[in-house]
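Participant: sharing a sequence plus its predicted fold:
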Amino acid sequence: MMKKLLSLLLVLLFLLPAGASALAEGAGDPIEISDLDGLLAIAERPDGNYILTADIDMAGLSWKPIPFSGKLDGAGHTLYNLQVTDAGDDMRVTRDGNLKAYDTFFAGLFSVMEHATVVDLNIVGAYIEIDAQSHCFVGILAGYMYRCSIQGCSVQGRARLNNYAVMSGIGGIVGYGAGDFGFCTADVELIFEDRNLEERCEQFMGGILACGLVNIEDCTVYIDGYDSCHGYVHDGGLVGMYYYCGMDVHSQSVRRNRIYGQISFFEDNPNRRAYCEPTLGEEMSVPGNYYSNEREFERNETKDYSKVLLPEQCDEPEIHFTLTSPTCDSWGYVYHECAGCGYHWIDSYFPPQHSPGEWEIVQSATAEHEGLRERHCTVCGELTDSESFPYVPPEPQYVEEVVTVYGIESTETLRVRFKDSVQARHAKDAEALTWTSDNPDVLSVDQDGNVTGLRRGTGSVSYSSADGLYSGVCTVTVYYSFWQWVLIILCFGWIWYI
Ligand SMILES: [Zn+2]
Ligand SMILES: [Zn+2]
């Protein structure tokens, strides 16, 4: 029976190869996203298959985190200047080390990611700041993930979570959850401030993930963490607490990662545990493959609970900033630095930019077809713009002049007045000018527009272009020049003056 079915299927495939492949392509063709509207539209179809076709500036918009359960291929492109100040609307249950459940909200580019795949996406200049009245997890890419795969992605930015609830955490890439990270980079400043002094919070912080169970392989983390906690601290260079948290997953590998940076923290709690480690903060679950993780990490614990720990050390910061302009192949940005303590950060990214030169006509426009023009970068020479332009018929031009010339000779003056000015306006047609003299006894003109005065008198020289757009007339009066007078009187006497 199976064999029969299989052979029938094969026959169908051979009979309908075009139809079958078209169907397959149609189902798999990613939706292209090239701007902010395209990103916002993910909310209408969160399970879609998407690909970025451009870098996207997210400045000026307070991004509302959206759920995602599809595939997003960043194709190496960058979302820059993401700003998030509110959690998304989507609630999921999170669990602490005792598997106690909390209804929790999430903030990041995505609020909740489930069965999602994100590859080759970069996020730079992100800034997230959440005042969490409810239990909340923050991550620059997503607050929550379940059975997701994040491969070849990078995030750079700052995130701050002010906690008013209990269950809360902040991760460089993702807040809470389960899944896979491979070949990702997180360059993050993370700040957690516990403003709930009534209850002991369950707090988590990690360069990749705050809390959960994940594979993390070949990732790089640069973390600068600040954690002021009046509950239970779980901080790690990669993951704050490595634990299955009741999620149905079997992830086992934490290997070949590099962790650089520090976490400054306090744990204001009589039942102090103070988990803060270079790789995994608290290992409630132990990864099966757990090796080759390179660390240069400082665990900076303080017992002074009176002052919120922040990267800015000054009570009255004096911030200076410098703007680095983008170039052909590098990003521009604004660099901020405190003159007092040296604290610095980067935001307001500008994408690489060429410096377009003047438009160059590649093909002139004619009455029959549009023209084509291009601009190239003045620095690297790359083609930056190319566009067609319509034919605009020139206005006919008619010029009338009166000139007096002293001296019977070739008169450059006329050529300059006529031909060269016409040529300057419309070089091509000037070549096809026709010149005529209405009084050949007094004036002659050749087809280059050189006028010769032949005797005293008045005449006119006319020209017209083949297309009739340029025409004009110059009335010329020819007199003898002073030296011609002298010569004539000396040779022939005044009698010749008639
Ligand atoms: Zn300072
Ligand atoms: Zn260039």
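Facilitator: Structure's in. What do you need? Ligands and ions are numbered 1, 2, ... in the order given.

Participant: which ones are touching Asn215?
Facilitator: Gly179, Asp180, Phe181, Gly182, Ser251, Gln252, Ser253, Val254 (C-beta atoms under 8 Å, 6 or more residues apart in numbering). Just so you know, the C-beta spots here come from the backbone N, C-alpha and C atoms, and that holds for glycine as well.

Participant: contact partners for the fourth one?
Facilitator: The neighbours of Gly182, taking C-beta under 8 Å, 6+ apart as the test, are Ser149, Ile150, Gln151, Gly152, Asn215, Glu217, Asp218, Cys219.

Participant: can I get those residues in a markdown table with secondary structure and pLDDT?
Facilitator: Shown next, in a markdown table, are the contacts of Gly182 (DSSP: H, G, I helix; E, B strand; the rest coil; pLDDT from 0 to 100):
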| residue | secondary structure | pLDDT |
| --- | --- | --- |
| Ser149 | strand | 97 |
| Ile150 | strand | 98 |
| Gln151 | strand | 98 |
| Gly152 | coil | 98 |
| Asn215 | strand | 96 |
| Glu217 | strand | 98 |
| Asp218 | coil | 98 |
| Cys219 | coil | 98 |
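
Participant: scan those and report the most crowded one.
Facilitator: Ile150 (29 neighbours; other C-beta atoms under 10 Å).

Participant: just the contacts of Gly182 now: which is nearest ligand 1?
Facilitator: Nearest to ligand 1 among the contacts of Gly182: Cys219, at 30.9 Å, using C-beta to the ion.

Participant: tell me how far Ala54 lies from Lys71.
Facilitator: 18 Å (C-beta to C-beta, to the nearest Å).

Participant: quick one, which of those two is more surrounded?
Facilitator: Higher neighbour count among Ala54 and Lys71: Lys71, with 18 against 14, using other C-beta under 10 Å.

Participant: which residue is nearest the middle of the chain?
Facilitator: Centroid-nearest residue in the chain: Asp55, 3.7 Å away (criterion: C-alpha atoms, centre = their mean).

Participant: close enough to count as contact, that one and Pro351?
Facilitator: Yes - assessed by C-beta atoms under 8 Å, Asp55 is found in contact with Pro351 at 5.0 Å.

Participant: what's the overlap in contacts for these two?
Facilitator: Common neighbours of Asp55 and Pro351 (criterion: C-beta under 8 Å, 6+ apart): Thr78, Tyr80.

Participant: show me what from this protein comes close to ligand 2.
Facilitator: Neighbours of ligand 2 within the chain, by C-beta under 5 Å from the ion: Cys328, His354, Cys377, Val379, Cys380.

Participant: mind checking the SS state of the first one?
Facilitator: Reducing the assignment to helix, strand or coil with DSSP: H, G, I helix; E, B strand; the rest coil, the entry for Cys328 is coil.

Participant: what's the answer for the fourth one, then?
Facilitator: Under three-state DSSP, Val379 falls in the coil class.

Participant: rewinding a little: tell me the contacts of the residue nearest to the centre of the chain?
Facilitator: Going by C-beta under 8 Å, 6+ apart, Asp55 touches His77, Thr78, Leu79, Tyr80, Pro351.
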